[in-house]
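1. predicted model and sequence follow; I will ask about them next.
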Amino acid sequence: MEATRTQLGYARDIEEMIKTLPQHTCSWLKGKSTLFKYQDFWSYEEIIKEVVLAQQSLKAHPTDVFLCSYPKSGTTWLKALVFAIITREKFDESNSPLLTTMPHNCIPFLEVELEQTIASQGNSSFVATHLPYNSLPKSILASNCKMVYIYRNVKDVIVSYYHMAREAVKLPMEDAPFEEAFDEFYHGFSVYGPHWDHILGYWKASMERREIIFFLKYEDLKKEPSINVKKLAEFIGYPFTIEEEKAGVIESIIKLCSFENLSNLEVNKNGYANEMIENRLFFRKAKDEDWKNYFTDEMIEKIDNLIYEKLGAIGLVLK
Ligand code: PAP
């Protein structure tokens, strides 16, 4: 991945452009968070600046692999698994950097750590992104880079998003009604949202580019970790040998990257992924169907109908 440092740094025209974008202040977050609509998605001003720079300057290499997701869909887990897979010749569960480094700091985010991404990578890199497919820098598409897209039951995404968003601005649950958070998410006002458009963008692209976009469902990864980790490793070009399989390398990686293991590590309990967000917030509960503790019957009906309307035709099961 290449881009010259002189290309980086915010040009005044990017800041001027952002001022002209539609804005939405999230009322359920008590006005502490404002989203801007850039292209077809909502995000924070700081992120949009990085996105514009990435779109202008990023030169992807055909062997770069992108880990793509809507937020709260399993990104941290996917990063950990991919990092463990690609470094397994050097490290195992006794000495992996994952024991002391938060997964987000093992694989950079394109639109958060653009400079770092570009500076630290060689010819072939693994980079994560929450960007919708249609807003990816064109060179990623032109280079036919492989993409892994992880997705998750939308109701659990909403609950996970609710907690992350309110914790990020330090709002206790009693001051941040879930009903209001649901309503905003339902109307598409969420970071990188609308959520369903995000999924649809990658899904449509995967229909035309099957060999380079791999869809992975969070719940499937939980249910059948060995099969899915094996498929993932093959897809990203690091297949397990028969000897490795016999030696239990897949199981060791699954164990190393498990929620139980990672969430109990000191770095993930007390560290900070960036200056703002505590690592522990990325390891909340990881329970399937936690949404049942939050959703009313009316919310269930509303979101099910919406997802059916938006994604029913493609047959992805998100309930
Ligand atoms: P991000 O987009 O902010 O990086 P992301 O990692 O996609 O977040 O999603 C966080 C969810 O994954 C959390 O779900 P919860 O709120 O329902 O608990 C988090 O607990 C869960 N998670 C984190 N690490 C793992 C893991 N190793 N295995 C399974 N789930 C995990």
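-> Great, that's in hand.

2. output the set of residues of the stretch 1-150 of the chain in proximity to the ligand.
-> S69, P71, K72, S73, G74, T75, T76, W77, A80 (CB under 6 Å from any ligand atom). C-beta: built from backbone N, CA, C; applies to glycine.

3. please redo it, this time with the cut-off set to 5 Å
-> For the stretch 1-150 of the chain, the contact set with the ligand under CB under 5 Å from any ligand atom comprises P71, K72, S73, T75, T76, W77.

4. contacts only, for the last one.
-> In this structure, W77 makes contact with P103, I150, Y218, L221, C257, F259, A286, judged by CB atoms under 8 Å, 6 or more residues apart in numbering.

5. rewinding a little: so which of the residues of the stretch 1-150 of the chain next to the ligand belong to strands?
-> Assigned to strands by DSSP state E, none of those qualify.

6. can you pull out the strands in the stretch 151-300 of the chain?
-> Assigned strands in the stretch 151-300 of the chain, in chain order: 213-217 (criterion: DSSP state E, counting those that start in this stretch).

7. which positions within stretch 97-104 qualify as buried?
-> Within stretch 97-104, the residues scored as buried using 16 or more other CB atoms under 10 Å are L98, L99, T101, M102, P103, H104.

8. do stretch 84-92 as well
-> The neighbour-count check on stretch 84-92 (16+ other CB under 10 Å) flags A84, I85, I86, R88 as buried.

9. list the contacts for the third one?
-> Contacts were defined as CB under 8 Å, 6+ apart; by that measure I86 touches F126, I236, Y238.

10. ok, and the most crowded of those residues?
-> For those, counting by other CB atoms under 10 Å, the largest number of neighbours falls to F126: 20 neighbours.

11. was I right about that residue contacting L67?
-> Yes - the criterion here is CB atoms under 8 Å, and F126 meets it with L67 at 6.7 Å.

12. list residues touching both of the two?
-> Common neighbours of F126 and L67, using CB under 8 Å, 6+ apart, are V82, I107.

13. do you know how far the closest residue to V191 other than its chain neighbours is from V51?
-> Excluding its sequence neighbours, the residue lying closest to V191 (CB to CB, 6 or more residues apart in numbering) is S43, at 5.5 Å. Per CB to CB, to the nearest Å, S43 is found 7 Å from V51.

14. check E45 too.
-> Note on E45: its distance to V51, by CB to CB, is 11 Å.

15. more crowded one of those two?
-> Neighbour count, other CB under 10 Å: between E45 and V51, V51 has more, with 25 against 15.

16. that one: which element?
-> Element membership for V51, per DSSP states H and E: helix 45-57.

17. returning to what we had before: which of the residues of the stretch 1-150 of the chain next to the ligand tops the neighbour count?
-> Highest neighbour count within these, by other CB under 10 Å: S73, with 27 neighbours.

18. sorry, back to before: widest-spaced pair of the residues of the stretch 1-150 of the chain next to the ligand?
-> Within those, P71 and W77 form the most distant pair, 13.0 Å apart (CB to CB).

19. not counting sequence-adjacent ones, nearest residue to S27?
-> Leaving aside its chain neighbours, S27 sits nearest to E180 (6.7 Å; criterion: CB to CB, 6+ apart).

20. give me the neighbour count for that neighbour.
-> Considering only other CB under 10 Å, E180 is surrounded by 14 other residues.

21. cool, and the one 10 residues further on?
-> Each residue near S190 was counted by other CB under 10 Å, and the total is 27.

22. need phi/psi at it.
-> Backbone geometry at S190, expressed as degrees, to the nearest 10, gives phi -150, psi 160.

23. ok, it to the ligand distance?
-> Distance of S190 to the ligand, given as CB to the nearest ligand atom, to the nearest Å: 12 Å.

24. for the remainder of this discussion, apply numbering that starts at 418.
-> Taking 418 as the first residue, the last one we looked at is S607.
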